[in-house]
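A.B. asks: After the sequence you'll find the predicted model.
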Amino acid sequence: MTIAICIFCGEFKFGALLPCDHCGQRPGADEAAKSVVITDHYYNRSGLTAIGEIIKGGYDVFALMPDLQAMAEEQEVMIAQMADPNSDVRREMREADRLAHERQDTVGGDSDDEYQTERD
């Protein structure tokens with residue numbers, strides 16, 4: 001599961017879009033992109049810790065770190081594209097899913113567990 005920093009309190013949490021165990025807040029649609037970019041998909045633990053400390057200090061980490069803001073804006077575009085069933089991103093995702101299922105059938109596995117083992 002994804003390790004993330006809560007955009008509201010700066011504490012570590014599991015899952016970018018899940019409620020924070022510390023403060024109980026959950027990112028809404030407007031905060032989704034920001035929440036996704038302050039995860040272990042983009043930063044190592046020390047980077048996440050530093051971002052968390054900035055948030056805990058009451059600062060807007062996205063205003064202080066232009067690269068982080070740019071990443072969040074890119075994520076917003078990606079989220080919007082994923083929501084559009086006719087977008088290129090959605091078509092690519094469907095094609096990748098189709099190819100994965102074809103590969104699964106070729107390998108001879110019926111279950112996701114067998115497919116997961118084969119990919120690893």
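C.D. replies: Sure thing, it's come through.

A.B. asks: what does stretch 16-28 contact?
C.D. replies: Identification of contacts with stretch 16-28 by C-beta atoms under 8 Å, 6 or more residues apart in numbering yields 2, 4, 6-9, 11, 13, 32, 34-36, 38-39. In this view, the C-beta of every residue, glycine as well, is placed from N, C-alpha and C.

A.B. asks: Cross those against helices and list the overlap.
C.D. replies: By the criterion of DSSP state H, membership of those in helices covers Ala32, Lys34, Ser35, Val36.

A.B. asks: Turn those into JSON lines, including distance to Glu76, neighbour count and pLDDT.
C.D. replies: Below are those laid out as JSON lines (distance: C-beta to C-beta, whole Å; neighbours: other C-beta atoms under 10 Å; pLDDT from 0 to 100):
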{"residue": "Ala32", "distance to Glu76": "8", "neighbour count": "16", "pLDDT": "90"}
{"residue": "Lys34", "distance to Glu76": "9", "neighbour count": "20", "pLDDT": "94"}
{"residue": "Ser35", "distance to Glu76": "11", "neighbour count": "25", "pLDDT": "94"}
{"residue": "Val36", "distance to Glu76": "9", "neighbour count": "21", "pLDDT": "92"}
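
A.B. asks: Would you format the contacts of stretch 16-28 as CSV with distance to Arg103 included?
C.D. replies: What follows is those, written out as CSV (distance: C-beta to C-beta, whole Å):
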residue, distance to Arg103
Thr2, 25
Ala4, 31
Cys6, 38
Ile7, 37
Phe8, 41
Cys9, 42
Glu11, 40
Lys13, 34
Ala32, 31
Lys34, 35
Ser35, 32
Val36, 28
Ile38, 33
Thr39, 28
